[in-house]
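Colleague: Structure of the sequence below:
(chains A and B)
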Amino acid sequence: MHYCLDEVGFMYAYIVKRILATIPVMAVVAVFVFGLLHLTPGDPAAIIAGDYASPSDIEGIREKLGLNEPIPVQFYTWVKSVAQGDLGVSIFSNLPVTKLIGQRVEPTLMLSLFTIVIAIGVAIPLGVLAAWKSRTFIDRFAMIFAVLGFSVPVFVIGYILMYVFAIQLKWFPVQGYKHLADGILPCIRSLVLPSVALGIVYIALIARITRASVMEVLAEDYIRTAKAKGLSSQVVLIRHALKNAAVPIITIIGVGIALLIGGVVVTESVFNIPGLGRLTVDAILHRDYPVIQAIIILFAGVYVLVNLLVDLSYVFLDPRIRY
Amino acid sequence: MAALDISVADQTVGTNETGRTIEFIRRNPTVVISASVLIAMFLVAIFAPYLATDPLELAPWDRLKPPGEFGWFGTDHLGRDVYARTIYGARISLSVGLFVALVSTGVGLFIGLLAGYVRIVDTVVMRIMDGLMAIPGILFAIALMALVGSSVQNVIIAISVPEIPRVVRLVRAIVLTIREMPYVEAAVASGTRLPQILVRHILPNTFAPLMVQATYICASAVIVEAYLSFLGAGTPPEIPSWGNMMAEGRVYFQFKPWLLFFPGLCLACMVMTVNMLGDGLRDTLDPRIARGMR
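Modeller: Numbers count the residues shown, from 1 in each chain, chains lettered A, B, ... in the order given. Sure thing, here's the model as predicted:
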């Protein structure tokens, strides 16, 4: 009994420690995002205003962003407002950045979720199959696919899919996004091609790790024991092998979120999806720095949160892990 | 039996430079093939002026001609030769890939050695690296490019910075393992000074893994440069690069797909070659990792 309490105590200590560890990471992110504007050579207000701005335009931007204050004061004010959920005002459209982001969240969220579902649904069976049938034709095929998936950039895959399945076969719309409010089916139809294009690199990544870690587990003694007991190969593969290979697979799914976020920006551009990626690209063209800043903070926050959840899932997946 | 022995002996005696080379090719076909293809790509890029006409030459009366009708790959919306632009585009991709790999591994190696050996630096540096890693690389590069303006040099810097933390982590991990080795302890005990320990004992151990890592960084840099240019935050539009070509061609994509096809194909081939070289190097340089992965 005493032993059990101790275990639970350890678990809570680990969870609390891991949650607290995200604070310094986000602090460094904040310093980077803030510092980027101030460390780059030249007057930030002039950079944002662009090449054709008049001195009064530059002065206006300086006023608006509070660039006349000393830098530590600026940083303090900025962090305080971000922590309160105020991400500033867009220089280009004069709308609050939170509102701009709110308008664009749905397509990006749907695209990312759909991609993750497709990627996990394809990659894990593919990886397990490749490990089970290692050094056969299936394994070779899966690994060639993985190398290809890593190498063909998402816009190249995107345009190939678009050409074949939208322009030639007309199975899917060429570009654009249908909101969930317009019906689930049209929404999914508009997301199939972008999700597959975006998901390929993710599939390659997850399939490779799944194969490697399942193969490692398959070499263990308890697998031989399970087989010797007469368990069917499905039971051995899923209940014994995949479950014990889960930690590296879940880890790579978390780390891969960074790849996914980068890919989202490009994919939305290729398929004309009005999400956060398009917002980013428009913000670059207009040098709308408050928007760029906010999007980086948001995406970094998502990345940190996902990886926090991944780390916390270890507690349940592998009770041996203790820090 | 005796005859067999002689023939074996003959072979070993005959194993000079050529023999060893053949043996290397036989054992590492991936490295040799991908390296040769890459060298060929470098040669094409270097000798581009002899292989193609001027990629900037306008021919408004020959706009959007399909491949074969005008030049091998057709012409773009300004009548420029797509073949010439594709050949010249290799220059940008290769130089960005090469320099990003050099800059990020160079800087990462320095910081990693420092972090691995100096305890106080370690805590601070690794926290900074954790934070930098949380920012998706492409977004970081986009933000930097939006501020500093487009030039090839800025593209290289913007892509290198987010790659540094991975190199630092790798180097630091190696340093932490190697510094506990008995031979390093022996060197310390016999009074070898720190710079010499770093250079003679630690540095050589980082070489093989760094080379593999640098190859992968090169491949990803080629992709990211194309992404940045495609989004309008990369190589200046007046310089032909594959990303720029795809950005300009996308409007005409439905009817003139060759505008995207050729740069896209070259991009995919180059990245795949570099990735294969990385896989080959990993298997050749570190058989232990290779066995673990397979």
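Colleague: tell me which element the closest residue to residue A:178 other than its chain neighbours falls in.
Modeller: Leaving aside its sequence neighbours, residue A:178 sits nearest to residue A:186 (C-beta to C-beta, 6 or more residues apart in numbering or on different chains; 4.1 Å). For every residue, glycine as well, the C-beta is placed using N, CA and C. Counting by DSSP states H and E, the element that carries residue A:186 is helix A:184-218.
Colleague: What's the first helix or strand after that helix?
Modeller: Counting by DSSP H and E, the element after helix A:184-218 in chain order, helix or strand, is helix A:221-228.
Colleague: which other residues reach the helix or strand following that following helix?
Modeller: Counting by DSSP H and E, the next helix or strand C-terminal to helix A:221-228 is helix A:233-235. Residues outside helix A:233-235 that contact it (C-beta atoms under 8 Å, 6 or more residues apart in numbering or on different chains): A:132, A:226-227.
Colleague: Report the distance from helix A:233-235 to the chain centre.
Modeller: 32 Å (C-alpha atoms, centre = their mean, to the nearest Å).
Colleague: Repeat that for stretch A:210-221.
Modeller: Distance, stretch centre to chain centre, for stretch A:210-221: 27 Å (C-alpha atoms, centre = their mean).
Colleague: Could you give me the buried positions within it?
Modeller: By neighbour count on 16 or more other C-beta atoms under 10 Å in any protein chain shown, the buried set for stretch A:210-221 is A:210-218.
Colleague: The residue nearest to residue A:178 and residue A:177 touch, don't they?
Modeller: No. With contact defined as C-beta atoms under 8 Å, residue A:186 and residue A:177 do not form a contacting pair (9.7 Å).
Colleague: closest point of chain B to chain A, which residue?
Modeller: In chain B, no residue comes nearer to chain A than residue B:131, which is 2.4 Å away by C-beta to the nearest C-beta.
Colleague: quick one on the thing from earlier: number of nearby residues for the residue nearest to residue A:178?
Modeller: For residue A:186, the neighbour count with other C-beta atoms under 10 Å in any protein chain shown is 14.
Colleague: ok, back up a step: which one of the contacts of helix A:233-235 is nearest to chain B?
Modeller: residue A:132 (14.7 Å).
Colleague: okay, now the closest one: neighbour count?
Modeller: 19.
Colleague: which residues does residue A:241 contact?
Modeller: Here residue A:241 is in contact with A:128, A:131, A:214, A:217-218, A:223 (criterion: C-beta under 8 Å, 6+ apart).
Colleague: Might you report the residue contacts of the nearest residue to residue A:245 once chain neighbours are set aside?
Modeller: Of all residues not flanking residue A:245 in the chain, residue A:213 sits nearest, at 3.9 Å (C-beta to C-beta, 6+ apart). Residues in contact with residue A:213 (C-beta under 8 Å, 6+ apart) are A:245, A:247-249.
Colleague: Check residue B:271 too.
Modeller: Counted by C-beta under 8 Å, 6+ apart, residue B:271 has contacts A:150-153, B:219, B:222-223.
Colleague: let's go with 7 Å and repeat that
Modeller: Listed by C-beta atoms under 7 Å, 6 or more residues apart in numbering or on different chains, the contact set of residue B:271 reads A:151, A:153, B:219, B:222-223.
Colleague: Nearest to residue A:75, out of those residues: which one, please.
Modeller: The shortest approach to residue A:75 among these belongs to residue B:223, at 33.8 Å (C-beta to C-beta).
Colleague: State the pLDDT value of the nearest residue to the closest one once chain neighbours are set aside.
Modeller: Leaving aside its sequence neighbours, residue B:223 sits nearest to residue A:153 (C-beta to C-beta, 6+ apart; 5.0 Å). Residue A:153 is assigned a predicted lDDT (pLDDT) of 89.
Colleague: got the angle for the strand or helix carrying residue B:226 vs helix A:184-218?
Modeller: Secondary-structure assignment from DSSP H and E places residue B:226 in helix B:203-231. Between helix B:203-231 and helix A:184-218, the angle comes out at 170 degrees (axes from the mean of the first three to the mean of the last three C-alpha atoms, to 10 degrees).
Colleague: what about stretch A:131-148, near chain B?
Modeller: Yes. Contact of stretch A:131-148 with chain B (C-beta under 7 Å from any C-beta of the partner chain) involves residue A:147.
Colleague: Counting neighbours, which bits of that stretch end up buried?
Modeller: Within stretch A:131-148, the residues scored as buried using 16+ other C-beta under 10 Å are A:131-132, A:134, A:139, A:142-143, A:145-146, A:148.
Colleague: pretty sure residue B:240 contacts residue B:89?
Modeller: Yes. The pair residue B:240 and residue B:89 qualifies as a contact (C-beta atoms under 7 Å) at a distance of 5.2 Å.
Colleague: Return the residues in contact with residue B:225.
Modeller: B:92-93, B:96, B:155, B:159, B:234-235, B:243 are the contacts of residue B:225 under C-beta under 7 Å, 6+ apart.
Colleague: Which residue, other than its chain neighbours, is closest to it?
Modeller: Nearest one to residue B:225, counting by C-beta to C-beta, 6+ apart, is residue B:96 at 4.4 Å.
Colleague: Of the buried residues of stretch A:131-148, which is the nearest to residue A:79?
Modeller: For the buried residues of stretch A:131-148, the nearest to residue A:79 is residue A:146 (41.8 Å; C-beta to C-beta).
Colleague: and the gap between the closest one and chain B?
Modeller: Distance, residue A:146 to chain B, using C-beta to the nearest C-beta, to the nearest Å: 10 Å.
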